[in-house]
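*Asks:* Test case, fold it:
(one chain, ligands or ions: 1)
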Amino acid sequence: MENSWKMFEEFHIDEEMGFALPNPLVELPHPYDAWISIARNLPQLIEDGQLRTEVEKLATLSIDGLQGHKEQRLGHLALGYLTMAYVWGRGGGDVRKVLPSNIAIPYCRLSEKLGLPPILVYADCVLANWKKKDPSGPMTYENMDILFSFPGGDCGKGFFLISLLVEMAAASAIKVIPIIFKAVQCEDSETLQDALREIASCLKRALERFHQIHDYVDPDIFFNVLRIYLSGWKGNPSLPEGLLYEGVWDTPKQFAGGSAAQSSVFQCFDVLLGVQHAAGGASSVSAAEFLQEMRTYMPPAHRNFLRSLESGPSVREFVLSKGDASLRETYNKCVQAMVSLRKYHFQIVTKYILIPARRKSKEKGTSKGSSKSEDKGTGGTSLVDFLKTVRRTTEKTLLKEG
Ligand code: HEM
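*Replies:* Numbers count the residues shown, from 1 in each chain. A predicted model of the protein is given here:
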């Protein structure tokens, strides 16, 4: 890997925004504006019981008129919102198992073109779902907004924008990766150590951004409202067979729901630091399989970036081979920053999923703890086992003295 931003262009990584789409479009030309106007009024249409009728009235559009990557990404985002809203309705259990052909056909064609699945993914609702209020102002929560919302007021805005801000904090660390690989190749420990220090401090900043979630996301609304609309149809008892995309496939298809597990950021630093998720027992194999599966929900350029990192030199082996205590300590600071992010993430999951789930099952009079389906993340994992396994594997990557 050369130390050049040209290389990142190939992988759709932006110097400032990292994996996020820089300055997403907010409008589509006619006739695709029909998708946008429904997506923009989604919470109101759902409340009025009009959403499904409006979706059913849409013309079946060819996607050939969507010019360029940004129009296609906005189309995918808007159709993703429409699909989630169509399937989950008011979120109260009245679920649709068939997506009508007028939306299923363009959605599946566009998904194929972008190399994404036909469901709302993180690359849609976080990476391509933002704008600045004042275009000349800073990239801060106060100066930013999302393009489309689900019911639940500003909860979605909080969840999506905080995820985006975490991504952006980590973006500065992505820049350093080519320097790291070059330093390892040239056996330049000093440059490597400086670059690792930079990574550790960016990951620390990412953790600080994470803290802001408490200011903007309400646990009850997240759990009872937003989570429903992010849910997928893979391993979901509400749609056990999956969703039938009418006019595209003859049988229902299963896809996992939107989750930050589809972010490339954590996986990118795992690869760089040599965190091997499959290295432990059976639980780590299934955690690693889930993380690999999540790569298929990322834009192909980002997936390719992760694969290309895997073929780079091993930073961990180099640090080990040098036997230099100070270099090892700096490397460990990076791994420790990943552990801290994951520990903090687990606290968030406890507050936003496990505690509300326990409360809900108590209200329902279910005897022990949360029910089976509440234990699942929107990506469909048995979340406690999965998250603990991933954290433990990261911890085990820390290098011991001597
Ligand atoms: C209310 C806030 C959040 C909740 C409730 C939450 C919940 C979850 C759950 C349940 C999983 C397990 C996979 C699944 O089934 O979806 C997961 C995985 C993950 N989440 Fe979050 N999450 C939140 C915020 C974030 C944010 C802001 C980020 C960072 C951008 C993030 C990054 C990840 C990553 C990278 C994974 C994969 C596991 C790992 O690599 O450690 N999450 N999350």
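*Asks:* Mind checking the pLDDT average for the strand or helix carrying Ser361?
*Replies:* Per DSSP states H and E: Ser361 is located in helix 355-364. The pLDDT scores in helix 355-364 average 86.
*Asks:* After it, which helix or strand is next?
*Replies:* Sequence-wise, the next helix or strand downstream of helix 355-364 (DSSP H and E) is helix 383-396.
*Asks:* on contacts alone, who are the packing partners of that next one?
*Replies:* Judged by 3 or more CB pairs under 8 Å, 6 or more residues apart in numbering; DSSP states H and E, helix 383-396 is in contact with helix 282-295, helix 325-349. (C-beta placed from N, C-alpha, C; glycine too.)
*Asks:* The ones you listed: which one's closest to the ligand?
*Replies:* The ligand lies closest, by CB to the nearest ligand atom, to one member of the helices and strands packed on helix 383-396: helix 325-349, at 4.7 Å.
*Asks:* how near is the residue sitting nearest the centre point of the chain to Arg303?
*Replies:* In the chain, the C-alpha nearest the mean C-alpha coordinate belongs to Ala260, at 3.0 Å (CA atoms, centre = their mean). Distance, Ala260 to Arg303, by CB to CB, to the nearest Å: 16 Å.
*Asks:* Looks to me like Ala39 is in a helix.
*Replies:* Yes: assignment of Ala39 by DSSP: H, G, I helix; E, B strand; the rest coil places it within a helix.
*Asks:* Can you report how many residues neighbour it?
*Replies:* Neighbourhood size, Ala39 [other CB atoms under 10 Å]: 21.
*Asks:* And for Gly242?
*Replies:* By the measure other CB under 10 Å, the count of residues near Gly242 is 18.
*Asks:* In contact with it, which residues?
*Replies:* Trp233, Lys234, Pro252, Lys253, Gln254, Phe255 (CB atoms under 8 Å, 6 or more residues apart in numbering).
*Asks:* Of those, which is the nearest to the ligand?
*Replies:* Using CB to the nearest ligand atom, these come closest to the ligand at Lys234, 10.3 Å.
*Asks:* quick one: Arg303 and Arg295 touch, right?
*Replies:* Yes: if you go by CB atoms under 8 Å, Arg303 and Arg295 touch, sitting 5.0 Å apart.
*Asks:* coming back round to it: which residues touch the residue nearest to the centre of the chain?
*Replies:* Applying CB under 8 Å, 6+ apart, the residues contacting Ala260 are Tyr122, Val126, Ser163.
*Asks:* Asn332 too?
*Replies:* Leu398, Leu399.
*Asks:* Show me which residues of the chain sit near the ligand.
*Replies:* Counting by CB under 6 Å from any ligand atom, the chain comes close to the ligand at 159, 162-163, 166-167, 210, 213, 217, 222, 259-261, 263, 266, 342, 345, 348-349, 352-353, 377-381, 383, 386-387, 390.
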